[in-house]
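# okay, here's the prediction I keep looking at, along with the sequence it came from:
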Amino acid sequence: MISTMNAGRPTDPDPLPRPTPPSQREPLPRWTVPVVAAVVLLAAAAAGWLLWRWIDGLALADPGQKDRAAAQLDAVKLAASIAVGGGGLFALYLAARRQRTQELELRARHAELAHREAELAQRDRVQAHSEQVAEHNRAHAERVAAATERDAAARRVTELYGKGVEQLGSDKAPVRLGGLYALERLATQDNLDRPMLRQTVVDVLCAYLRMPYAVPGAPPADDADEPTRTRHEQQVQEREVRLTAQRILATHLHPGNDPDHPADTFWPDTDLDLTGATLINLDLSHCQPRHTQFSGARFTGHTMFSGARFTGHAVFDGATFTEDAMFGEARFTEDAMFGEARFTGHTVFDGATFTGHTVFDGATFTGHAMFDGATFTGHAMFGGASFTEDAMFDGATFGGATFTGHAVFDGATFTGHTVFGEATFTGHAIFDEALVIHPVPKRSTWPRGWEPASEHGPLEGLEGVWHRLVHVDRETFPSGVQDSATDPADG
C-alpha cells in the first residue's frame, strides 16, 4: 500500500557535502624574528672572529701593517655579508611564507564562496522538491477525491436506476409514473455526459412499451360487475402511463428549432427498439432518432412522424397503422423498411426523402396513400403492394415524385385512382405483373411507357375484374383470364 501511494512521488535531494577545509598554517611565534636576528648576528660575529683570528695566525710573506689591515677589513666585510645574506634569506622566507598564507586564505575564501553558492542552490532544490511533493500530494488528493466522487456518483446512479426500474414494476399507476420521471431525471439532469446511461434509460422505456397491452374500449355499462369496472380503470390508467413514456421519448428526441444548436434536453444518437409495441397516438414529429425498430408495432390512433429525421435504419416491417399515418417531409438517411406494413387510414409521405433503399414490398394501403413530391434516391421497392380505393380520395398518388434508383412495382395492385403525373424515373420503372381494377379510374395516370391492357377479367385469388399494367408495345394479358371488355375505361 505504501509503495502504491508513493508511486511517482519526488525523492528527497541528496544532502550537500561540506567542502574540505584547506590546510591551516600555524602563525610564527613572536620570538622567531629576534632569535633569527640574534643567530644571524652571532653567526656573522663568529665568522668575523674566526677570520680575524685566522688572519692573525697567518705567516704573511710581507708582514707589513698595510696588508694586515686590508685582510682584517676583508674579514669584517665578509662577516657583514654573512649577516646581510642571512637576514636576506630570512626575509625571503618570510615573504614566501606570507605569499603562501595569502594564497591559502584566497583559496579558503573561494571555497567558502563556492560552498555558499552550493548551499543556496541546495536550498533552491530543497524548496523545489518541497513544492513538487506538495503538488504531488495535492494531485493525489484530487485524484482520490475525484475517484471517491465518481464512486459515490456511480452508487447514486445505480440506486436511482434500480429504484426507478422497481417503480415501473409496481401494480399502481402513480408509482409507475414516478418511476418514469425518475429515470428521465436520472438520464437528463445528472448525467449529460453519459450517453450510454441515456440509451439504457431509453431501452427501459422501450421495453416497458413493448409489454403486452390492450387499449381500453368504451366504458363499461352502469350495471357492469366490479371486476369489469376495475379492469377497465386499470387499462385507462395504464394508457396514461404509456402516453407519458411516449411523451418523454418525444421530448428528448426533438432537437429544437435550431439544428445547429440543439436544445439541452435533446438526446442525440438515440436508438429506439419498439418491436411489437402498442403505441397510442404516437407523435414524433420533427424528432431525430437514430436507428429505429418498429417491426410488428401497432400504431393506434393518429401517428405523427411529420418532419422527422431518421439518421439510421428505420424498420417498420409488419407494422399496423389503425388510423392516419403522417410522414410528410420526413427524411430517411439510411434504408427505410415498410415490408408487409398495413396502413388503414390515410398515409402521407408527401415531400419525404428516402436516401437509402426503400422497401414497401407487400404493404397494404387501405386509405389514400400520398407520395406526392417524395424523393427516392435509392431503389424504391413496392413489389406486391396493395393500393385500395378510398371513398373520397384517390387510392395512390405519386405526383411529382422522383425515383433516382429503380422503381419496382411488380405485382402491385391498384384499386383506386392512381396518379403518377409528373413523376420522374431516372432508373428503370418496373410494373411487371402489376394489376389495375376494372373499370380503370378515369383520372389515373401511369408512368411513361406503361398503361393498363385493354383486356380484363377475373383472377384467381382476387375479387373483381382486373387489367394488367403492361408496356404499350407488348400488351399481353396473363393466360387463364377471361376477357370481358376491350376498353380499359369501360365500366
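That came in fine, so what should we check first? Numbering: from 1, shown residues only.

# hey, which helix is longest across this structure?
helix 65-168 (DSSP state H).

# just checking, what packs against that helix?
On a contact count with 3 or more CB pairs under 8 Å, 6 or more residues apart in numbering; DSSP states H and E, helix 65-168 meets helix 32-57, helix 173-188, helix 195-210. The way it works is simple: take the backbone N, C-alpha and C, and place the C-beta from them, glycine included.

# tell me the buried residues in the last one?
Going back to what we said before, that points to helix 195-210. 197-199, 201-202, 204-206, 208-210 (16 or more other CB atoms under 10 Å).

# turn those into CSV, columns for pLDDT and distance to residue 96.
As requested, the buried residues of helix 195-210 are exported to CSV (pLDDT from 0 to 100; distance: CB to CB, whole Å):
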residue, pLDDT, distance to residue 96
197, 87, 91
198, 91, 93
199, 93, 95
201, 94, 97
202, 95, 99
204, 95, 101
205, 96, 104
206, 97, 105
208, 96, 107
209, 97, 110
210, 97, 110
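
# got any ranges where the stretch 251-400 of the chain has weak pLDDT?
Residues of the stretch 251-400 of the chain meeting the criterion pLDDT under 70: 390-394.

# now the longest helix of the chain against helix 195-210, angle please.
Orientation of helix 65-168 against helix 195-210 (axes from the mean of the first three to the mean of the last three CA atoms, to 10 degrees) gives an angle of 10 degrees.

# give me the angle between helix 65-168 and helix 173-188.
With the same axes, to 10 degrees defining the directions, helix 65-168 sits at 150 degrees from helix 173-188.

# for helix 65-168, the distance to its chain's centre please.
Centroid separation for helix 65-168 versus its chain: 54 Å, with CA atoms, centre = their mean, to the nearest Å.

# please apply the same query to stretch 371-380.
Worked out by CA atoms, centre = their mean, stretch 371-380 lies 35 Å from the chain centre.

# export that stretch as PDB, just CAs?
What follows is stretch 371-380, C-alpha atoms only, in PDB (Å, rounded to 0.1, in the frame of the first residue of the first chain):
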ATOM      1  CA  PHE A 371     -46.200  10.200 -52.000                       C
ATOM      2  CA  ASP A 372     -46.500  13.500 -53.900                       C
ATOM      3  CA  GLY A 373     -43.100  15.200 -54.200                       C
ATOM      4  CA  ALA A 374     -41.300  12.300 -52.500                       C
ATOM      5  CA  THR A 375     -37.700  11.700 -53.400                       C
ATOM      6  CA  PHE A 376     -36.300   8.100 -53.700                       C
ATOM      7  CA  THR A 377     -32.600   8.200 -54.000                       C
ATOM      8  CA  GLY A 378     -32.000   4.500 -53.700                       C
ATOM      9  CA  HIS A 379     -34.200   1.700 -55.100                       C
ATOM     10  CA  ALA A 380     -37.900   2.000 -54.300                       C
END
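
# now it: buried residues?
Within stretch 371-380, the residues that count as buried by 16+ other CB under 10 Å are 371-380.

# which of the residues you listed fall in strands?
Judged by DSSP state E, strands contain the following of the buried residues of stretch 371-380: 375-376, 380.

# dump these to TSV, plus distance to residue 54.
Formatted as TSV, these follow (distance: CB to CB, whole Å):
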residue	distance to residue 54
375	145
376	147
380	149
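
# reformat the buried residues of helix 195-210 as a markdown table; add distance to residue 176.
As requested, those are exported to a markdown table (distance: CB to CB, whole Å):
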| residue | distance to residue 176 |
| --- | --- |
| 197 | 21 |
| 198 | 20 |
| 199 | 21 |
| 201 | 15 |
| 202 | 17 |
| 204 | 12 |
| 205 | 11 |
| 206 | 15 |
| 208 | 8 |
| 209 | 12 |
| 210 | 15 |
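
# nearest to residue 216, of those?
The shortest gap between residue 216 and any of the buried residues of helix 195-210 belongs to residue 209, at 16.3 Å (CB to CB).

# for the chain, which strand extends over the most residues?
Under DSSP E, the chain gives strand 450-458 as its longest strand.

# let's test this: mean pLDDT of it, rounded?
The pLDDT scores in strand 450-458 average 91.

# residue 107 - how many residues pack around it?
12 (other CB atoms under 10 Å).

# same check, this time on the one 4 residues further on
Using other CB under 10 Å, the number of residues around residue 111 comes to 14.

# and stretch 260-272, how far out from the chain middle?
Worked out by CA atoms, centre = their mean, stretch 260-272 lies 14 Å from the chain centre.

# start at 683 instead
OK, 683 is where the count begins now, so the last one is stretch 942-954.

# quick one: contacts of that stretch?
For stretch 942-954, contacts defined as CB atoms under 8 Å, 6 or more residues apart in numbering pick out 869-870, 874, 877, 880-881, 884, 888, 931, 933-938, 970-976, 993-994.

# for it, measure first residue to last.
End-to-end distance for stretch 942-954: 23 Å, by CA to CA, to the nearest Å.

# about what we covered before: the helices and strands packed on helix 747-850: which one's closest to residue 1020?
Of all those, helix 877-892 comes closest under CB to CB, at 19.6 Å.

# as CSV, could you dump the C-alpha coordinates of stretch 824-838?
Below are the C-alpha coordinates for stretch 824-838, written out as CSV (Å, rounded to 0.1, in the frame of the first residue of the first chain):
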residue,chain,number,x,y,z
GLU,A,824,-7.6,15.4,-6.0
ARG,A,825,-7.4,12.0,-7.7
VAL,A,826,-8.6,10.3,-4.6
ALA,A,827,-11.4,12.9,-4.1
ALA,A,828,-12.4,12.5,-7.8
ALA,A,829,-12.4,8.7,-7.5
THR,A,830,-14.4,8.9,-4.4
GLU,A,831,-16.8,11.3,-6.0
ARG,A,832,-17.1,9.0,-9.1
ASP,A,833,-17.8,6.0,-6.9
ALA,A,834,-20.4,7.9,-4.9
ALA,A,835,-22.0,9.2,-8.2
ALA,A,836,-21.9,5.6,-9.6
ARG,A,837,-23.6,4.3,-6.4
ARG,A,838,-26.2,7.0,-6.6
